[in-house]
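Undergrad: generate coordinates for the sequence data below:
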Amino acid sequence: MNRRHFFANLTSTSNDLVSLNTMSNIGDTKASSEVISSLINNNDKVLVVIQLIGGNDCLNTIVPIDRYDVLMKHRGNIMLEQNRLLKINDTNAFHPKFKHIHELNKQGNFSYIQNVGYPNQNRSHFRSMDIYNSGSRADEMLSSEWLGRYLDIFHPSFPMGYPNDRFKAPLSMTIGNIVADTCQGNMTNYAYALNHLNNIELLYEHSINESIENEKTKYQLNFYNDVIRLTNKYSTIIKNAQEKGNNIVEYPSNNVLAQQLKAVAELISGGLETKIYTLTMGGFDTHAFQTMEDRAEGWHATLLDMLSEAVYAFQNDLNKLGVADKVLTMTYTEFGRQIKSNAAMGTDHGSAGSMYFFGKDFKNNIIGNNPNIADEIPDQTGLELEFDFRDVYSTILVKWLGLEQSHTNQIFSRDTKIIENFI
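TA: Numbers count the residues shown, from 1 in each chain. Predicted structure coming up:
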């Protein structure tokens, strides 16, 4: 059993608390002193990443109303009446359950990128999410993820020597009962995983019987204790930030994502210097009953309402706490849905989709063109690709987290493009 697999078996511990780390060095990953100095001094930006599991139907979330007639032809059994949509401009409109995002858009706190995907789109949930998490090509298998490789550049010895005077907080945190993969580096996962902010307790360190003769067993037990000690150090730091932090806005109590975002806002306001938070929201695989007889209701409408009210509370909390200028929140999903609906009042796995962003003072609230949809299209047709998702990631790393573009090219093993007039 190698270290990574051994640690993967430790992700169910008492007190709903786990820490995804291995104790290996990355000998070949070297960062120049200029780059490390840049990371330490460049900014205090925070990235919050929300994974929408299942493949969100972006055509039902933000409707290209200049394509409304042809959409009615292809998906008329799920299309909402146009006069019930919340107009953004002459060509786009929100689903009415996205009403809170409609308000954020009016405030300048929302932007989205259309037609995001990758060449040769894979329509398997598991493989496509692997591709989005790792930043790989469709025909490439990687064992590390995009944010993990970003952190590898600056923290090649992690977790040895952490926390320290420069990096006291966890470098990344996952909040919820699903551990996100995006922060897996070449040799270690940087994410501190936490189910419940209000149930932080120190883990018990097991005594090691020196009479154990099996060196492999002794090594694994010592490694287990090393992980516990690191986790306990971070637990104390997080608890201190929680005690200093607060929330001003009331969050819906029956909304799991909202409660997770509430915890993130509390920790940020408490001064925790974690740069990356990852969260998940499931249920977007809407093959059937995406809508009901009332087209504004149904499973997808419920999901949009939950996402909308959760992010709205979070963004307004950040605004009132005075920390919104340092936080960018983004969503991603493994693919969009097909243009044509199915007979079960749902949609099947498609190709390109959309990414949604929440923050302060976006330069443009709509990036990309409304899709070209012909009157006659083959069955199973998805949206065409306009933006490679790796270019979106690169733009975030460069424009938000302050990374040099040459390093994003290294992270994604390709020449990346920066999306202008976005952030």
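Undergrad: ok now do the closest residue to L397 other than its chain neighbours, which residues does it touch?
TA: Leaving aside its chain neighbours, L397 sits nearest to L403 (4.3 Å; criterion: CB to CB, 6 or more residues apart in numbering). For the C-beta atoms, the positions are set from N, CA and C on the backbone; glycine is no exception. Taking CB atoms under 8 Å, 6 or more residues apart in numbering, we find L403 in contact with Y150, I153, L397.
Undergrad: what count of nearby residues applies to the last one?
TA: Residues within reach of L397, counting by other CB atoms under 10 Å, total 23.
Undergrad: return the residues in contact with it.
TA: Per CB under 8 Å, 6+ apart, neighbours of L397: Y150, L403, H407, T408, I411.
Undergrad: how near is the second one to L147?
TA: Read that as L403. Separation of L403 from L147 (CB to CB, to the nearest Å): 11 Å.
Undergrad: for G282, which non-adjacent residue is closest in space?
TA: I53 (4.2 Å).
Undergrad: quick one: pLDDT of the one you found?
TA: At I53, the model reports a pLDDT of 97.
Undergrad: same deal with L230?
TA: Predicted confidence (pLDDT) for L230: 85.
Undergrad: so it touches P159, yeah?
TA: Yes: applying CB atoms under 8 Å, one finds L230 in contact with P159, separated by 5.4 Å.
Undergrad: K340: which element?
TA: Taking DSSP states H and E as the criterion, K340 maps to strand 337-341.
Undergrad: so what touches that strand?
TA: 55-60, 71, 74-78, 286, 290, 347-350, 353, 371, 373, 377, 379-383.
Undergrad: now, which of the residues you listed lie within helices?
TA: Mapping the contacts of strand 337-341 onto helices (DSSP state H) picks out C58, L59, N60, L71, H74, R75.
Undergrad: wait, which of these is closest to I419?
TA: Taking CB to CB as the measure, I419 lies nearest C58 of the ones in helices among the contacts of strand 337-341, at 17.2 Å.
Undergrad: how close does that closest one get to D152?
TA: C58 is 32 Å from D152, by CB to CB.
Undergrad: quick one: least confident of the contacts of L403?
TA: Pick the lowest pLDDT in those and you get I153, at 94.
Undergrad: near that residue, how many other residues are there?
TA: Other residues close to I153 by other CB under 10 Å number 21.
Undergrad: and the strand or helix carrying it, what does it pack onto?
TA: Using DSSP H and E, I153 falls within helix 146-154. Counting contacts by 3 or more CB pairs under 8 Å, 6 or more residues apart in numbering; DSSP states H and E, helix 146-154 is packed against helix 33-42, strand 276-281, helix 405-412.
Undergrad: where among these is average confidence lowest?
TA: Minimum mean pLDDT among the helices and strands packed on helix 146-154: helix 33-42, a mean of 47.
Undergrad: now for the next helix or strand after it, which elements pack on it?
TA: Proceeding N to C from helix 33-42, the next assigned helix or strand is strand 46-52, under DSSP H and E. Other helices and strands packing on strand 46-52, by 3+ CB pairs under 8 Å, 6+ apart, are helix 256-269, strand 276-281, helix 299-321, strand 327-333.
Undergrad: quick one: the second one to chain centroid distance?
TA: What separates the centre of strand 276-281 from the centre of its chain is 5 Å, taken as CA atoms, centre = their mean, to the nearest Å.
Undergrad: show me what it is packed against.
TA: Where contact means 3+ CB pairs under 8 Å, 6+ apart, strand 276-281 is packed against strand 46-52, helix 146-154, strand 172-175, helix 256-269, helix 299-321.
Undergrad: pull up the pairing partners for it, direction included.
TA: With DSSP bridges as the test, strand 276-281 is paired with strand 46-52 (parallel), strand 172-175 (parallel).
Undergrad: returning to that earlier point: D391: which of the contacts of L397 is nearest?
TA: Looking across those and measuring by CB to CB, the closest to D391 is T408, at 9.1 Å.
Undergrad: from E386, how far off is the closest one?
TA: Distance from T408 to E386, by CB to CB: 19 Å.
Undergrad: and these two? which has more neighbours close in?
TA: In this view T408 and E386 are compared by other CB under 10 Å, and T408 has more residues nearby, 27 against 15.
Undergrad: now distance to R67 too, for the contacts of L397, in a markdown table please.
TA: Conversion of these to a markdown table gives the following (distance: CB to CB, whole Å):
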| residue | distance to R67 |
| --- | --- |
| Y150 | 36 |
| L403 | 36 |
| H407 | 39 |
| T408 | 33 |
| I411 | 35 |
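Undergrad: buried residues in the helix or strand harbouring Y132?
TA: Assessed by DSSP H and E, Y132 sits inside helix 125-134. Of all the residues in helix 125-134, those buried under the rule 16 or more other CB atoms under 10 Å are S128, M129, D130, I131, Y132, N133, S134.
Undergrad: cool, and stretch 171-178?
TA: Buried residues in stretch 171-178, defined by neighbour count with 16+ other CB under 10 Å: L171, S172, M173, T174, I175, G176, I178.
Undergrad: cool, stretch 192-204 as well?
TA: Y192, A193, L194, N195, L197, I200, L203.
Undergrad: OK, contacts around the closest residue to the third one other than its chain neighbours?
TA: Leaving aside its chain neighbours, L194 sits nearest to I175 (5.5 Å; criterion: CB to CB, 6+ apart). With contacts taken as CB under 8 Å, 6+ apart, I175 has the following neighbours: A193, L194, N195, L197, Q260, A263, V264, Y277, T278, L279.
Undergrad: which two in those residues are spaced the farthest apart?
TA: Spatially, the most separated pair among these is L197 and T278, at 14.9 Å (CB to CB).
Undergrad: ok, back up a step: with distance to I418 added, can I get the helices and strands packed on strand 276-281 in a markdown table?
TA: Formatted as a markdown table, those follow (distance: least, CB to CB, whole Å):
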| stretch | distance to I418 |
| --- | --- |
| strand 46-52 | 16 |
| helix 146-154 | 15 |
| strand 172-175 | 23 |
| helix 256-269 | 26 |
| helix 299-321 | 25 |
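Undergrad: much appreciated, bye for now.
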